[in-house]
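1. Quick one: sequence plus predicted model below, questions after.
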Amino acid sequence: MMAKKRVLWIGVMLVALAGCRSKSPAHSRARPGAPAGEIGSRLPEFSVKGLRGRRISTADFRGKVVLVDFWATWCQPCEKEMPGYQKLAQTYGPRGFAVVGFKSGMMMDTEDPLHFAARVGVRYPLAVATDALVGKFGGLKGLPTTLIYDRQGILRTKIIGFEYASTFERDVKRLL
């Protein structure tokens, strides 16, 4: 039994560390036909039931600058980033900015996702990232993964791993 726990712990640490070290900020022009999840690709079409029961869809974000956050309850870098995203939503929401969070099912949750969100102060829309939804965004290489789309729905920034909200704020201000 101890060996199983040790293997699980090592797996958690490897995933967390991979996310922390795997930064890949990118800023560039739109590329016609860019693969999903790559700079220049379009915000994919989706419609999902949110964790709070409300339907969340691509239509909610048309004409807005959108930050898409892939996160998990066991991901400490995710927990550190999410309150900053909430502050950005409060500050820039009136100017056409929105945040949506997709909870990864990569590993078992360490706590109830809604309790986690309340504890870290997140009120923006949250939903479960099914395999089909993750595929529409080009897959995940680590957590957290943050994507910023411009008002035309073109992916302008993608960062895998932790980054301070101030870095995202610069990108958001530039796109508003």
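-> Alright, I've got the coordinates.
2. separation between the residue nearest in space to the middle of the chain and G33?
-> For the chain, D69 is the residue whose C-alpha lies nearest the centre (C-alpha atoms, centre = their mean; 1.1 Å). Going from D69 to G33 by C-beta to C-beta, to the nearest Å gives 26 Å. (C-beta placed from N, C-alpha, C; glycine too.)
3. Could you find the closest non-adjacent residue to the residue nearest to the centre of the chain?
-> Of all residues not flanking D69 in the chain, G101 sits nearest, at 4.5 Å (C-beta to C-beta, 6 or more residues apart in numbering).
4. and that neighbour, what element?
-> Per DSSP states H and E: G101 is located in strand 97-104.
5. Do I have it right that the residue nearest to the centre of the chain meets E79?
-> No - counting by C-beta atoms under 8 Å, D69 does not reach E79; the two are 11.5 Å apart.
6. Skip ahead from the helix or strand bottoming out on mean pLDDT in the chain and say which helix or strand is next.
-> Within the chain, no helix or strand scores below helix 2-21, which has a mean of 39 by mean pLDDT, DSSP states H and E. Sequence order places strand 47-49 as the next helix or strand after helix 2-21, per DSSP H and E.
7. Can I take it that the residue nearest to the centre of the chain is in a strand?
-> Yes - using DSSP: H, G, I helix; E, B strand; the rest coil, the assignment for D69 is a strand.
8. Just the buried residues of the strand or helix carrying P77, please?
-> Using DSSP H and E, P77 sits in helix 76-92. Using 16 or more other C-beta atoms under 10 Å as the test for burial, helix 76-92 gives P77, C78, E79, E81, M82, G84, Y85, Q86, L88, A89, Y92.
9. Find me the pLDDT at the closest residue to K136 other than its chain neighbours, would you?
-> Closest residue to K136 apart from its sequence neighbours, by C-beta to C-beta, 6+ apart: P44 at 3.8 Å. In this model, P44 is scored at 98, pLDDT.
10. Quick check: which ranges of this structure have low pLDDT?
-> 1-32 (pLDDT under 70).
11. Nearest residue to D109 in space, please, no chain neighbours.
-> Computed as C-beta to C-beta, 6+ apart, the closest residue to D109 that is not its neighbour in sequence is T73, at 4.4 Å.
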